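**Q** Give me coordinates for this.
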Amino acid sequence: MPAKETAGSPFPKDLDLSAVPPEALRDLVLSSLELDVSSGVLRLLGHRYGFFRPIVLVNIQKQLEQTVGASTKGFLYLAGEKTAEGGLGMTGEVLAGFDSGSMTIDSFKRLADALAILGCGRFSLDVSDIPAGHFTFNLENSPIAEAYGPSKKPVCHLLAGFLGGVAERFVGREILCEEVACQAQGQPRCRFELRPTPRL
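**A** The predicted structure is shown next:
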């Protein structure tokens, strides 16, 4: 995660993104968007993106569930975790100025704002014991849960892995994230519990 702000970033560290009116935030995002139709390349704050509907990911998830069964949860969790390890893209740019290895309530609020800008729903930090590395997040409007439809078990494995990976970058040690409630189960919101991975 970047330790200092990107020069010329439209998302300065002291800007409360959740307080910016939707039209102004849209303009900020659009000012950071580069689209070259001739090459089919879209970049946001210099990072390559592709717009895919959440159902694309959910169809992959459901096909994996049919093919490999319960291992799907682990595959998707690891994919989310690797995504966070490999770089946070636009999310990392929005988090510029927040030091990795130093987690604060402000850094998590900023992460929630960045993920909301990308359409990942609205995260909120419910419980935290920062020194111990224990956190609980709520998520309203999960795109994965919405696209997945009714389920007996939580389905946002990719998001759980991503949250775990981001938390590891902030905390500087291995973190396990588990979705303990999901909107796909009929719950009012998804709930993720994060804690340090037990040392063997």
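
**Q** lowest-pLDDT helix or strand in the protein?
**A** helix 90-94 (a mean of 60; mean pLDDT, DSSP states H and E).

**Q** so where do the strands sit in this structure?
**A** For the chain, applying DSSP state E gives strands covering 33-36, 41-44, 47-49, 122-129, 134-140, 175-181, 190-196.

**Q** State the mean pLDDT of stretch 18-27.
**A** The average of the pLDDT scores along stretch 18-27 is 86.

**Q** Just the endpoints, please. Distance across that stretch?
**A** Terminal residues of stretch 18-27 lie 14 Å apart, using C-alpha to C-alpha, to the nearest Å.

**Q** again, but for stretch 176-191
**A** Using C-alpha to C-alpha, one end of stretch 176-191 lies 14 Å from the other.

**Q** Check the offset of stretch 190-200 from the chain's centre.
**A** Mean-position distance between stretch 190-200 and its chain equals 16 Å (C-alpha atoms, centre = their mean, to the nearest Å).

**Q** List the contacts of L78.
**A** Counting by C-beta atoms under 8 Å, 6 or more residues apart in numbering, L78 touches G161. All C-beta spots, glycine's among them, are computed from the backbone N, C-alpha and C.

**Q** Contacts for stretch 182-200 next, please.
**A** 121, 126, 132-142, 144-146, 148-156, 159-160, 163-164, 167, 171, 173-181.

**Q** sorry, back to before: would you single out the least confident of the strands of the chain?
**A** Of all those, strand 47-49 has the smallest average pLDDT, which comes to a mean of 81.

**Q** Direction included, what does it pair against?
**A** Here strand 47-49 is paired, per DSSP bridges, with strand 41-44 (antiparallel).

**Q** Go ahead and name everything in contact with the partner strand.
**A** V29, S32, L33, E34, L35, D36, R48, Y49, G50, F51, G89, M90.

**Q** What sits closest to the fourth one if chain neighbours are left out?
**A** Closest residue in space to E34, ignoring its immediate chain neighbours: R43 at 4.4 Å, by C-beta to C-beta, 6 or more residues apart in numbering.
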